[in-house]
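# Here's a sequence, model it:
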Amino acid sequence: MRTINDLYEKWNSISPYTGGFLLVSDEHPLSFHIGYLSDSQKCFIVLNTGKLEKISSSKAINVENILLSDNSYALRFTLNYPSLDEIFVKLCWDLMSASKDDPKPIEKIVAQYKKWLRLLQQIGNGLLPPHSQKGLIGELLYLADLIERHGEKKALGEWVGPEGADQDFNFEDGWAEVKTTIIAGTSVQVSSLQQFDRSDEGTLIVYFLDKTSSTGTTTISLNEAVELVSSKVTMQSNKDFLELKLAKCGYQSKNADEYSAYRFKLSERRQYCVSSGFPRLTKDNVPPAVIETQYRIDLPSIETFRKRED
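Here you go, the predicted structure:
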(Lines give C-alpha, C1' and ligand atoms only; values in the text may rest on other atoms or scores of the structure.)
Protein backbone atom coordinates (compact mmCIF):
# COMPACT_ATOMS: atom_id res chain seq x y z
CA MET A 1 0.00 0.00 0.00
CA ARG A 2 1.37 3.35 -1.01
CA THR A 3 -1.25 5.81 0.27
CA ILE A 4 -3.76 6.26 3.07
CA ASN A 5 -6.51 5.83 0.48
CA ASP A 6 -5.14 2.36 -0.33
CA LEU A 7 -5.70 1.39 3.31
CA TYR A 8 -9.27 2.77 3.18
CA GLU A 9 -10.02 0.71 0.09
CA LYS A 10 -8.53 -2.42 1.62
CA TRP A 11 -10.69 -2.01 4.72
CA ASN A 12 -13.79 -1.32 2.63
CA SER A 13 -13.27 -4.63 0.82
CA ILE A 14 -13.92 -6.51 4.08
CA SER A 15 -17.47 -7.31 5.13
CA PRO A 16 -18.01 -6.24 8.76
CA TYR A 17 -20.67 -8.97 9.08
CA THR A 18 -18.87 -12.06 7.79
CA GLY A 19 -15.65 -11.26 9.63
CA GLY A 20 -12.15 -12.17 8.62
CA PHE A 21 -8.91 -10.20 8.65
CA LEU A 22 -6.62 -9.13 5.83
CA LEU A 23 -2.85 -8.84 5.86
CA VAL A 24 -1.80 -5.29 4.94
CA SER A 25 1.95 -5.31 5.54
CA ASP A 26 3.69 -7.06 2.63
CA GLU A 27 6.68 -4.71 2.71
CA HIS A 28 6.91 -4.26 6.49
CA PRO A 29 9.03 -6.29 8.96
CA LEU A 30 5.94 -6.67 11.16
CA SER A 31 2.67 -8.41 10.36
CA PHE A 32 -0.38 -6.10 10.38
CA HIS A 33 -3.97 -7.25 9.90
CA ILE A 34 -7.18 -5.26 9.55
CA GLY A 35 -10.78 -6.32 10.03
CA TYR A 36 -13.79 -5.89 12.30
CA LEU A 37 -14.35 -7.01 15.89
CA SER A 38 -18.09 -6.43 15.42
CA ASP A 39 -20.27 -5.01 12.65
CA SER A 40 -19.23 -1.44 13.54
CA GLN A 41 -15.85 -1.82 15.26
CA LYS A 42 -12.81 -1.57 13.03
CA CYS A 43 -9.89 -3.54 14.41
CA PHE A 44 -6.14 -3.29 13.72
CA ILE A 45 -3.82 -6.08 14.89
CA VAL A 46 -0.01 -6.22 15.13
CA LEU A 47 1.21 -9.81 15.44
CA ASN A 48 4.21 -11.21 17.36
CA THR A 49 4.73 -8.19 19.61
CA GLY A 50 5.72 -10.16 22.69
CA LYS A 51 4.28 -9.34 26.09
CA LEU A 52 4.23 -5.56 26.58
CA GLU A 53 3.68 -3.27 29.52
CA LYS A 54 0.10 -2.01 29.78
CA ILE A 55 -0.71 0.64 27.17
CA SER A 56 -3.34 3.26 27.97
CA SER A 57 -6.57 3.14 26.00
CA SER A 58 -8.87 6.09 25.36
CA LYS A 59 -12.64 6.42 25.13
CA ALA A 60 -12.29 6.31 21.36
CA ILE A 61 -9.83 3.44 20.94
CA ASN A 62 -9.25 0.36 23.08
CA VAL A 63 -5.68 -1.03 23.11
CA GLU A 64 -4.93 -4.57 24.30
CA ASN A 65 -1.86 -6.81 24.31
CA ILE A 66 -3.69 -10.10 23.75
CA LEU A 67 -2.52 -13.71 24.05
CA LEU A 68 -3.38 -15.77 20.94
CA SER A 69 -4.12 -19.49 20.69
CA ASP A 70 -0.54 -20.23 19.56
CA ASN A 71 0.74 -18.57 22.79
CA SER A 72 2.11 -15.57 20.90
CA TYR A 73 1.15 -12.00 21.78
CA ALA A 74 -0.46 -9.41 19.54
CA LEU A 75 -1.33 -5.74 19.94
CA ARG A 76 -4.97 -5.03 19.11
CA PHE A 77 -6.42 -1.57 18.48
CA THR A 78 -10.24 -1.44 18.41
CA LEU A 79 -12.31 1.59 17.40
CA ASN A 80 -15.11 2.25 19.89
CA TYR A 81 -16.70 5.24 18.10
CA PRO A 82 -17.65 4.64 14.44
CA SER A 83 -17.87 8.44 14.01
CA LEU A 84 -14.07 8.54 14.30
CA ASP A 85 -13.51 6.04 11.50
CA GLU A 86 -11.43 8.46 9.43
CA ILE A 87 -9.07 9.30 12.28
CA PHE A 88 -8.68 5.63 13.19
CA VAL A 89 -7.63 4.59 9.68
CA LYS A 90 -5.08 7.43 9.56
CA LEU A 91 -3.73 6.46 12.97
CA CYS A 92 -3.21 2.88 11.75
CA TRP A 93 -1.48 4.15 8.62
CA ASP A 94 0.77 6.32 10.77
CA LEU A 95 1.72 3.39 13.01
CA MET A 96 2.73 1.32 10.00
CA SER A 97 4.57 4.13 8.21
CA ALA A 98 6.47 5.38 11.26
CA SER A 99 7.73 1.91 12.22
CA LYS A 100 8.61 0.57 8.76
CA ASP A 101 12.30 1.49 8.81
CA ASP A 102 12.81 1.66 12.56
CA PRO A 103 15.28 -0.84 14.08
CA LYS A 104 12.84 -1.37 16.98
CA PRO A 105 9.44 -1.29 15.23
CA ILE A 106 7.35 -2.50 18.20
CA GLU A 107 8.74 0.23 20.46
CA LYS A 108 8.18 2.77 17.69
CA ILE A 109 4.53 1.75 17.30
CA VAL A 110 3.90 2.15 21.03
CA ALA A 111 5.68 5.54 21.10
CA GLN A 112 3.82 6.76 18.02
CA TYR A 113 0.47 5.71 19.46
CA LYS A 114 1.20 7.63 22.66
CA LYS A 115 1.62 10.78 20.54
CA TRP A 116 -1.98 10.31 19.40
CA LEU A 117 -3.27 9.83 22.94
CA ARG A 118 -3.55 13.58 23.65
CA LEU A 119 -6.03 13.94 20.79
CA LEU A 120 -7.84 10.69 21.54
CA GLN A 121 -8.34 11.57 25.20
CA GLN A 122 -9.86 14.95 24.32
CA ILE A 123 -12.00 13.91 21.38
CA GLY A 124 -15.78 14.15 21.52
CA ASN A 125 -18.27 13.11 18.85
CA GLY A 126 -15.81 13.69 16.03
CA LEU A 127 -16.74 17.32 15.28
CA LEU A 128 -14.39 20.07 16.45
CA PRO A 129 -16.11 22.79 18.50
CA PRO A 130 -16.14 26.33 17.01
CA HIS A 131 -13.23 27.61 19.14
CA SER A 132 -11.06 24.68 17.99
CA GLN A 133 -12.08 25.27 14.38
CA LYS A 134 -11.08 28.89 14.76
CA GLY A 135 -7.68 27.98 16.20
CA LEU A 136 -6.99 25.45 13.45
CA ILE A 137 -7.98 27.98 10.78
CA GLY A 138 -5.30 30.31 12.15
CA GLU A 139 -2.63 27.60 11.97
CA LEU A 140 -3.66 26.61 8.43
CA LEU A 141 -3.61 30.20 7.17
CA TYR A 142 -0.07 30.56 8.48
CA LEU A 143 0.90 27.15 7.06
CA ALA A 144 -0.36 28.19 3.62
CA ASP A 145 1.88 31.25 3.81
CA LEU A 146 4.85 29.10 4.88
CA ILE A 147 4.37 26.71 1.95
CA GLU A 148 4.69 29.67 -0.42
CA ARG A 149 7.95 30.72 1.24
CA HIS A 150 9.55 27.41 2.29
CA GLY A 151 8.04 24.81 -0.03
CA GLU A 152 5.48 22.13 0.83
CA LYS A 153 7.72 19.44 2.35
CA LYS A 154 9.71 21.79 4.58
CA ALA A 155 6.66 23.78 5.71
CA LEU A 156 4.70 20.65 6.64
CA GLY A 157 7.66 19.45 8.68
CA GLU A 158 7.82 22.81 10.45
CA TRP A 159 4.17 22.48 11.56
CA VAL A 160 4.82 20.60 14.81
CA GLY A 161 1.79 21.59 16.90
CA PRO A 162 -0.19 18.49 15.83
CA GLU A 163 2.65 16.32 17.14
CA GLY A 164 2.17 17.73 20.65
CA ALA A 165 5.06 20.23 20.57
CA ASP A 166 4.91 23.26 22.87
CA GLN A 167 4.91 25.67 19.89
CA ASP A 168 2.87 25.44 16.68
CA PHE A 169 5.83 25.85 14.31
CA ASN A 170 9.51 25.12 14.71
CA PHE A 171 12.19 26.48 12.34
CA GLU A 172 15.95 26.07 12.02
CA ASP A 173 16.38 29.61 13.30
CA GLY A 174 13.36 30.14 15.54
CA TRP A 175 9.73 29.27 16.15
CA ALA A 176 6.19 30.61 15.85
CA GLU A 177 3.01 30.39 17.90
CA VAL A 178 -0.36 31.13 16.28
CA LYS A 179 -3.25 32.61 18.25
CA THR A 180 -6.75 33.70 17.26
CA THR A 181 -9.03 36.19 18.96
CA ILE A 182 -12.22 38.08 18.17
CA ILE A 183 -11.95 41.13 15.93
CA ALA A 184 -12.36 43.48 18.89
CA GLY A 185 -10.05 41.34 21.01
CA THR A 186 -7.30 42.96 23.04
CA SER A 187 -5.64 39.86 24.50
CA VAL A 188 -4.65 36.29 23.69
CA GLN A 189 -4.58 33.16 25.82
CA VAL A 190 -1.31 31.37 26.60
CA SER A 191 -2.09 27.78 27.52
CA SER A 192 1.06 26.72 29.38
CA LEU A 193 4.36 27.77 30.92
CA GLN A 194 6.19 26.01 28.09
CA GLN A 195 4.51 27.81 25.20
CA PHE A 196 6.80 30.87 25.26
CA ASP A 197 9.65 29.27 27.21
CA ARG A 198 12.32 29.45 24.51
CA SER A 199 15.71 31.14 24.64
CA ASP A 200 15.78 31.74 20.88
CA GLU A 201 13.72 34.44 19.20
CA GLY A 202 10.24 33.52 18.05
CA THR A 203 7.11 35.06 16.56
CA LEU A 204 3.60 35.41 17.93
CA ILE A 205 1.05 35.51 15.10
CA VAL A 206 -2.45 36.73 15.93
CA TYR A 207 -5.43 36.35 13.58
CA PHE A 208 -8.54 38.38 14.36
CA LEU A 209 -11.62 36.28 13.53
CA ASP A 210 -15.33 36.57 14.35
CA LYS A 211 -18.01 33.96 13.75
CA THR A 212 -20.35 35.16 11.01
CA SER A 213 -23.26 33.99 8.85
CA SER A 214 -22.11 35.90 5.77
CA THR A 215 -20.17 34.41 2.84
CA GLY A 216 -18.13 37.40 1.70
CA THR A 217 -14.58 37.35 0.37
CA THR A 218 -13.17 38.12 3.82
CA THR A 219 -14.87 35.10 5.41
CA ILE A 220 -13.55 31.56 5.68
CA SER A 221 -14.61 28.16 6.99
CA LEU A 222 -12.38 25.39 8.30
CA ASN A 223 -13.04 23.42 5.10
CA GLU A 224 -11.84 26.34 2.99
CA ALA A 225 -8.70 26.70 5.10
CA VAL A 226 -7.98 22.98 4.61
CA GLU A 227 -8.61 23.33 0.86
CA LEU A 228 -6.32 26.36 0.71
CA VAL A 229 -3.43 24.36 2.14
CA SER A 230 -4.29 21.20 0.18
CA SER A 231 -4.22 23.12 -3.10
CA LYS A 232 -0.58 24.03 -2.44
CA VAL A 233 0.49 20.42 -1.73
CA THR A 234 1.18 18.42 -4.90
CA MET A 235 3.30 15.38 -3.94
CA GLN A 236 1.32 12.32 -2.77
CA SER A 237 3.68 11.65 0.16
CA ASN A 238 3.15 15.23 1.34
CA LYS A 239 -0.63 14.91 0.87
CA ASP A 240 -0.60 11.88 3.18
CA PHE A 241 1.60 13.80 5.64
CA LEU A 242 -0.91 16.67 5.66
CA GLU A 243 -3.83 14.28 6.17
CA LEU A 244 -2.08 12.77 9.20
CA LYS A 245 -1.40 16.21 10.68
CA LEU A 246 -5.04 17.23 10.21
CA ALA A 247 -6.23 13.97 11.78
CA LYS A 248 -4.03 14.64 14.82
CA CYS A 249 -5.81 18.01 15.10
CA GLY A 250 -9.15 16.16 15.14
CA TYR A 251 -10.22 17.12 11.61
CA GLN A 252 -12.17 14.60 9.51
CA SER A 253 -13.13 15.45 5.93
CA LYS A 254 -16.35 13.46 6.26
CA ASN A 255 -17.61 16.27 8.54
CA ALA A 256 -17.23 18.80 5.73
CA ASP A 257 -20.95 19.63 5.57
CA GLU A 258 -21.11 20.41 9.29
CA TYR A 259 -17.96 22.54 9.15
CA SER A 260 -19.39 24.55 6.25
CA ALA A 261 -22.03 25.87 8.63
CA TYR A 262 -19.36 27.66 10.68
CA ARG A 263 -17.83 30.67 8.96
CA PHE A 264 -15.46 33.28 10.35
CA LYS A 265 -14.78 36.83 9.24
CA LEU A 266 -11.07 37.60 9.02
CA SER A 267 -10.14 41.14 9.95
CA GLU A 268 -6.34 41.23 10.11
CA ARG A 269 -3.15 39.43 11.07
CA ARG A 270 -0.52 40.82 13.42
CA GLN A 271 2.96 39.50 14.17
CA TYR A 272 4.98 40.16 17.32
CA CYS A 273 8.66 39.45 17.98
CA VAL A 274 9.04 37.24 21.07
CA SER A 275 12.51 38.23 22.21
CA SER A 276 14.29 39.66 25.25
CA GLY A 277 11.89 41.76 27.33
CA PHE A 278 8.72 40.21 25.90
CA PRO A 279 6.24 39.71 28.79
CA ARG A 280 5.79 36.00 29.45
CA LEU A 281 5.78 33.39 32.16
CA THR A 282 8.35 30.59 32.11
CA LYS A 283 9.48 27.92 34.56
CA ASP A 284 12.42 30.16 35.49
CA ASN A 285 10.41 33.24 36.48
CA VAL A 286 7.60 31.68 38.54
CA PRO A 287 7.91 30.12 42.03
CA PRO A 288 9.08 26.49 41.98
CA ALA A 289 5.74 25.43 43.43
CA VAL A 290 3.96 26.65 40.26
CA ILE A 291 4.22 23.74 37.84
CA GLU A 292 1.52 24.76 35.34
CA THR A 293 -0.65 27.78 34.57
CA GLN A 294 -2.56 29.63 31.88
CA TYR A 295 -2.53 33.39 31.39
CA ARG A 296 -3.47 36.16 28.97
CA ILE A 297 -1.22 38.68 27.22
CA ASP A 298 -2.54 42.20 26.69
CA LEU A 299 -1.95 43.10 23.03
CA PRO A 300 -1.78 46.91 23.40
CA SER A 301 0.99 46.40 25.98
CA ILE A 302 3.21 44.55 23.46
CA GLU A 303 2.79 47.01 20.60
CA THR A 304 6.52 47.82 20.73
CA PHE A 305 7.24 44.18 19.79
CA ARG A 306 4.95 44.28 16.77
CA LYS A 307 6.48 43.47 13.39
CA ARG A 308 5.54 45.18 10.16
CA GLU A 309 3.72 42.79 7.80
CA ASP A 310 5.56 42.01 4.57
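
# Just give the closest residue to the most centrally placed residue in the chain, not the sequence neighbours.
The centre of the chain sits closest to residue 248, judged by CA atoms, centre = their mean, with a distance of 2.6 Å. Spatially, and ignoring its direct neighbours in sequence, residue 248 is nearest to residue 162 (3.9 Å; CB to CB, 6 or more residues apart in numbering). (Glycine included, C-beta is placed from N, CA and C.)

# Could you measure from the one you found over to residue 247?
8 Å (CB to CB, to the nearest Å).

# try residue 155
To residue 247, residue 155 is 18 Å away according to CB to CB.

# out of residue 162 and residue 247, which sits in the busier spot?
residue 247 (24 against 21; other CB atoms under 10 Å).

# At which residues are the helices of the chain located?
4-12, 85-99, 105-122, 130-150, 152-158, 222-230, 236-248, 256-260 (DSSP state H).

# what's the most buried one of those?
Stretch with highest mean neighbour count among these: helix 85-99 (a mean of 22; mean count of other CB atoms under 10 Å).

# Buried ones in stretch 203-213, by neighbour count?
203, 204, 205, 206, 207, 208, 209, 210, 212 (16 or more other CB atoms under 10 Å).

# check contacts around the second one.
Each residue near residue 204 by CB atoms under 8 Å, 6 or more residues apart in numbering is listed here: 176, 177, 179, 188, 196, 271, 272, 274, 297.

# Please give the number of neighbouring residues around the nearest residue to it once chain neighbours are set aside.
Nearest non-adjacent residue to residue 204, counting by CB to CB, 6+ apart: residue 272, 4.2 Å away. Neighbourhood size, residue 272 [other CB under 10 Å]: 22.

# got it, and the one 5 residues further on?
Residue 277 is flanked by 10 other residues according to other CB under 10 Å.

# Phi first, then psi, for it.
phi 90, psi -10 (degrees, to the nearest 10).

# mind checking how far it is from residue 195?
Applying CB to CB to residue 277 and residue 195 gives a distance of 17 Å.

# domain assignment for this structure?
Using automatic domain parsing, the domain parsing of the chain gives 4-122, 130-307.

# Run the chain-centre distance for the last one.
Looking back up the chat, that one is domain 130-307. Computed by CA atoms, centre = their mean, to the nearest Å, the chain-centroid distance of domain 130-307 equals 12 Å.

# What separates the first and last residues of it, distance-wise?
By CA to CA, to the nearest Å, the extent of domain 130-307 from end to end equals 29 Å.

# For residue 201, give its distance to residue 166.
When distance is defined by CB to CB, residue 201 is 16 Å away from residue 166.

# Looking at these two, which is more packed in?
Ranked by neighbour count (other CB under 10 Å), residue 201 and residue 166 place residue 166 first, with 17 against 13.

# Quick check: phi and psi at the nearest residue to the more buried one once chain neighbours are set aside.
Nearest residue to residue 166 in three dimensions, chain neighbours excluded: residue 194, at 4.1 Å (CB to CB, 6+ apart). Taking degrees, to the nearest 10, you get phi -80, psi -20 for the backbone angles of residue 194.

# Pull the number of nearby residues for residue 194.
15.

# my read: residue 175 touches residue 198, true?
Yes: the pair residue 175 and residue 198 passes the contact test of CB atoms under 8 Å, sitting 6.0 Å apart.
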